[in-house]
Structure formats: C-alpha cells, structure tokens
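Below is the sequence, then the predicted model.
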Amino acid sequence: EALSSTLALGAGCYWGTEKYVRKDFQKKFPNSIKTATVGFMSPLDGVRIQNPTYPQVCSGQSGHIEVLFVELNEPDKHF
C-alpha cells in the first residue's frame with residue numbers, strides 16, 4: 001500500500017515544527033519535503049469560528065490548533 005504524500009503535524013507551536021521540518025529533517029532526509037506550510041485545523045465538528053486569527057487560535061476561542069501541513073516528495077522512496 002502506498003504512503004500518503006500529505007500530512008498535518010500538530011505539535012503545539014507550529015513555528016518550531018516548521019523550523020525542524022524545513023531545516024533539520026531535510027538534512028537527515030534530503031529532498032524529502034516538497035512543501036511545508038503553517039496553518040490551523042479544527043478537530044471539532046461544527047467549528048466555532050471560520051477562518052480564525054492567530055490570537056483567536058492561541059486563546060482557545062476558536063477550537064482550532066496550530067498545524068504544519070507537509071507535502072512529501074516520493075514518500076515510498078524516503079520512508
């Protein structure tokens with residue numbers, strides 16, 4: 001079965017996760033990351049706030065979490 005080429009990583013603050021994936025992870029697995037973009041995701045049905053701001057997410061008002069969306073280059077080859 002083929003691996004998915006996209007994933008969303010939720011690890012608290014997305015800035016540290018983005019730095020790790022873009023720099024450190026790429027050193028260990030060169031050319032494995034196609035794109036890495038920060039954003040928000042809601043694990044809840046019926047999101048309380050559509051398109052929340054960063055302060056709304058950080059305050060817990062929106063029901064969203066910070067995530068890093070990653071698109072992999074050839075996941076079957078690298079992982």
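Here it is on my side, so go on.

for Ile33, what are its contacts?
Each residue near Ile33 by CB atoms under 8 Å, 6 or more residues apart in numbering is listed here: 21-22, 25-26, 70-73. No exception for glycine: its C-beta is placed from N, CA and C like everyone else's.

In helices, which of the residues you listed appear?
Here DSSP state H is the test, and the contacts of Ile33 give Gln26 as lying in helices.

Please, a ChimeraX command that selects the buried ones among the contacts of Ile33?
With 16 or more other CB atoms under 10 Å as the criterion, this ChimeraX line picks the buried residues out of the contacts of Ile33:
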select :21,25,70,72
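
Can you tell me which of the contacts of Ile33 is nearest Asp45?
Set against Asp45, the nearest of the contacts of Ile33 by CB to CB is Val70 (24.6 Å).

contacting residues for the closest one?
So Val70 contacts 6-9, 21, 33, 35-36 (CB under 8 Å, 6+ apart).

How confident was the prediction at it?
Val70 carries a pLDDT value of 92.

cool, and the one 3 residues further on?
Asn73 carries a pLDDT value of 89.

Ramachandran angles for it?
Asn73 adopts backbone torsions of phi -90, psi 120, taken as degrees, to the nearest 10.

Quick check: closest non-adjacent residue to it.
Distances taken as CB to CB, 6 or more residues apart in numbering put Lys34 closest to Asn73, at 4.7 Å, once the chain neighbours are dropped.
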